[in-house]
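Student: Just to be clear, the model below is a prediction. Sequence and coordinates:
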Amino acid sequence: MKVILTEGVKKLGHAGEVVEVKRGYAENFLFKKGLAIPATAANMNEVKAKAKAKDEREAQLLEEAQKISDELSGKHMEMAVKTGSGGRLYGTITAQNIADLLQKDGYQVDKRDITLSETVKTVGTYEFTIRLHPSISTKLFVVVKTEE
């Protein structure tokens, strides 16, 4: 019996795949757990439509990430912070601080997507890597200076 998997099943396949299984396995396990649906023409068309919509959404996200990457690539942003003697900061600059700085400029970036190459504890220029999409990353420079 052919079924369409609605979720990934270990040793059987991923969501959206059409697989051949025994009738008893399909009816007693896959259908009851909601892991699969029968492979009828109507269900096949529905799965194809969902796959097409997902591909279009992914393409749109990739395009937006590329646009943001082009805007941010190599950009220098300034951050004024309180410092002590010798230009040492009170605390450190974290990924959350960078995400907040980007949000002020209108960019929505999750702090988990920001990678710091080194710990920021003094005044200076630092490089950060921002992952905008699984296949797109960009580098950003932040100039940390003393607050006046």
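Tutor: Nice, thanks for sending it over. In this text, all values refer to a predicted model and were calculated from it rather than measured experimentally.

Student: Isn't Arg88 up against Lys121?
Tutor: Yes. Between Arg88 and Lys121 there is a contact at 6.3 Å, judged by CB atoms under 8 Å. Glycine gets a C-beta too; all of them are placed from N, C-alpha and C.

Student: Arg57: which element?
Tutor: helix 41-72 (DSSP states H and E).

Student: Could I get the average pLDDT for that helix?
Tutor: Average pLDDT, helix 41-72: 91.

Student: which ones are touching the closest residue to Glu78 other than its chain neighbours?
Tutor: Leaving aside its sequence neighbours, Glu78 sits nearest to Val143 (CB to CB, 6 or more residues apart in numbering; 4.8 Å). Neighbour list for Val143: 76-79, 124-125 [criterion: CB atoms under 8 Å, 6 or more residues apart in numbering].

Student: Pick out whichever of Arg88 and Lys121 has more residues nearby.
Tutor: Lys121 (14 against 11; other CB atoms under 10 Å).

Student: what's stretch 20-28 in contact with?
Tutor: Contacts for stretch 20-28 (CB under 8 Å, 6+ apart): 1-3, 12, 30, 36, 38.

Student: Tell me which entries of these lie within helices.
Tutor: Using DSSP state H, no member of the contacts of stretch 20-28 sits in helices.

Student: So the residue nearest to Glu78: helix, strand or coil?
Tutor: Put simply, Val143 is strand when judged by DSSP: H, G, I helix; E, B strand; the rest coil.

Student: just to revisit the earlier point, list the buried residues in the helix holding Arg57.
Tutor: Residues of helix 41-72 classed as buried: 43, 47, 65, 68-69, 72 (neighbour count, 16 or more other CB atoms under 10 Å).

Student: can you put the residues you listed in JSON lines and add distance to Lys22?
Tutor: Shown next, in JSON lines, are those (distance: CB to CB, whole Å):
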{"residue": "Asn43", "distance to Lys22": "19"}
{"residue": "Val47", "distance to Lys22": "21"}
{"residue": "Ala65", "distance to Lys22": "43"}
{"residue": "Ile68", "distance to Lys22": "49"}
{"residue": "Ser69", "distance to Lys22": "49"}
{"residue": "Leu72", "distance to Lys22": "53"}
